[in-house]
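**Student:** What would the 3D arrangement of this be:
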Amino acid sequence: MRYMFVCLVLILAPFMASAEDIVARSYSLQKHGTLELKVPESWSDSITQPTSELPPTIKLSPKNGAQFTILATPIWLAQADIKSPTPDELRATVRQAADIALLQSMEDSIEIKELKGPTNTGYYFTATDQAPQPGEFKHLNQGIIAVKDLLVSFTILTNDGQEAIVKEALSLLSSAERH
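**Tutor:** Below you'll find the predicted structure:
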């Protein structure tokens, strides 16, 4: 029995060691509450805030190691009487962006994928730059997710071998909360 326990610990150890602490970070949306993202502790964040009443852009990147960039811009409705876009309208907006990205991508076609969280729904696409310049990223994941009455536009820029970063970024966006 003890041997089985030791074997189980040895099998699970790499998975337990790779688990990273996640921290909830809140970003002020001026007079529109806050957006909370659950971010790995090893990622740094910064906010670019235009001087006017425009939404901020949140930038996430690694504190160390291989570079990546995640940009998220929460967009609130300009007026209370404006209706939030339907899922079909969100999908159509993402499709337009995908069609533009297709012009510079390696892909022959780009699929629109659903991004669904406990309460959030959105869409995104993946494209590969056919000729990235030195210092540029090769892979693009881009889309929009509805977080209550906010639309969060996002861009995830990575290079080869960073699929786990993309997965983590999509997870934190799908579980985003508005307060």
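
**Student:** and the next element down the chain from the worst-scoring helix or strand of the chain on mean pLDDT?
**Tutor:** In the chain, no helix or strand scores lower on mean pLDDT, DSSP states H and E than helix 2-18, which sits at a mean of 41. Following helix 2-18 in sequence order, the next helix or strand is strand 22-28 (DSSP states H and E).

**Student:** now the strands for the protein?
**Tutor:** Ranges of strands within the chain are 22-28, 34-40, 43-48, 57-62, 69-75, 113-116, 121-128, 139-147, 150-158, 177-178, based on DSSP state E.

**Student:** JSON lines for these, including distance to residue 168, mean neighbour count and mean pLDDT?
**Tutor:** To be clear about C-beta, it is placed using only N, CA and C from the backbone, and glycine gets the same treatment. Output for the strands of the chain, formatted as JSON lines (distance: least, C-beta to C-beta, whole Å; neighbours: other C-beta atoms under 10 Å; pLDDT from 0 to 100):
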{"stretch": "strand 22-28", "distance to residue 168": "9", "mean neighbour count": "14", "mean pLDDT": "95"}
{"stretch": "strand 34-40", "distance to residue 168": "6", "mean neighbour count": "19", "mean pLDDT": "97"}
{"stretch": "strand 43-48", "distance to residue 168": "9", "mean neighbour count": "13", "mean pLDDT": "96"}
{"stretch": "strand 57-62", "distance to residue 168": "10", "mean neighbour count": "18", "mean pLDDT": "98"}
{"stretch": "strand 69-75", "distance to residue 168": "9", "mean neighbour count": "20", "mean pLDDT": "97"}
{"stretch": "strand 113-116", "distance to residue 168": "13", "mean neighbour count": "15", "mean pLDDT": "98"}
{"stretch": "strand 121-128", "distance to residue 168": "14", "mean neighbour count": "21", "mean pLDDT": "98"}
{"stretch": "strand 139-147", "distance to residue 168": "12", "mean neighbour count": "23", "mean pLDDT": "97"}
{"stretch": "strand 150-158", "distance to residue 168": "10", "mean neighbour count": "22", "mean pLDDT": "97"}
{"stretch": "strand 177-178", "distance to residue 168": "17", "mean neighbour count": "18", "mean pLDDT": "96"}
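
**Student:** which one of those strands lies closest to residue 95?
**Tutor:** Proximity to residue 95 (C-beta to C-beta) singles out strand 121-128 among these, at 8.1 Å.

**Student:** Need the residues that contact that closest one.
**Tutor:** Identification of contacts with strand 121-128 by C-beta atoms under 8 Å, 6 or more residues apart in numbering yields 87, 90-91, 94, 97-98, 101-102, 104-107, 110-116, 138-146, 152, 154, 166, 170, 173-174.
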